[in-house]
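Participant: sequence unknown, structure follows:
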């Protein structure tokens, strides 16, 4: 059996897995004590926020508009965009805080829960619809998403 080439959904899913791993690392840090834990949490939270911001932007600029153009029912895309806005609000709050703030861990944890829910919906509902849409070139879109994400991550570094 030939292996399927990686498409736009695979690229987005790889982002999802990378961020999930970071949230797990963060959770482990919340159980740690020590002088450097606060700085490690700040650095990891910043990295999570940067990854999620770039990921949300490429979905909103490229992936969602392409899906809207070919799907009859776009309610899932509308819902995903509302979820993105909630995540962005939390990201902005986290970026304006320090790890010493008593609400910092809670906000990062809730952001992780939001993202977990969002990822499940994309993986189980949005991606299958995207792959079933004959008019979408998910291979070409993968390149476009990757290029745009590189640009965004370069700007923020």
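Facilitator: That came in fine, so what should we check first? All values derive from a computational prediction rather than experimental measurement.
Participant: hey, let's count contacts and neighbours off CA atoms from now on
Facilitator: Noted.
Participant: show me the contacts for the residue positioned nearest the centre of the chain.
Facilitator: In the chain, the centroid-proximal residue (Cα atoms, centre = their mean) is residue 52; its distance is 4.1 Å. Contact analysis of residue 52 by Cα atoms under 8 Å, 6 or more residues apart in numbering lists residue 19.
Participant: now it: how far from residue 71?
Facilitator: Remark: distance between residue 52 and residue 71 (Cα to Cα, to the nearest Å) = 25 Å.
Participant: and if you look at residue 110?
Facilitator: Using Cα to Cα, we find residue 110 at a distance of 31 Å from residue 71.
Participant: neighbour count: the two, which is higher?
Facilitator: Neighbours were counted for residue 110 and for residue 71 using other Cα atoms under 10 Å; residue 71 has more, 16 against 13.
Participant: the more buried one against residue 132, yeah?
Facilitator: No: using Cα atoms under 8 Å, residue 71 makes no contact with residue 132, being 9.8 Å away.
Participant: point out where this structure drops to low pLDDT.
Facilitator: Counting by pLDDT under 70, the chain contains low-confidence residues at 1-4, 156-157.
Participant: the helices in it, which residues?
Facilitator: 8-30, 37-58, 64-70, 75-95, 104-121, 127-132, 138-156 (DSSP state H).
Participant: which of these is buried the deepest?
Facilitator: Highest mean neighbour count of those: helix 37-58, a mean of 19 (counted as mean count of other Cα atoms under 10 Å).
Participant: can you tell me how far the residue nearest to the centre of the chain is from residue 105?
Facilitator: In this view, residue 52 and residue 105 are 17 Å apart by Cα to Cα.
Participant: also residue 143?
Facilitator: Residue 143 sits 35 Å away from residue 105, taking Cα to Cα as the criterion.
Participant: cool, and residue 135?
Facilitator: From residue 135 across to residue 105, the span is 43 Å (Cα to Cα).
Participant: how about residue 127?
Facilitator: Per Cα to Cα, residue 127 is found 31 Å from residue 105.
Participant: swap in residue 25?
Facilitator: Per Cα to Cα, residue 25 is found 12 Å from residue 105.
Participant: and what of residue 85?
Facilitator: Distance, residue 85 to residue 105, by Cα to Cα: 20 Å.
Participant: do residue 98 as well
Facilitator: Shown here: residue 98 relative to residue 105, a distance of 10 Å by Cα to Cα.
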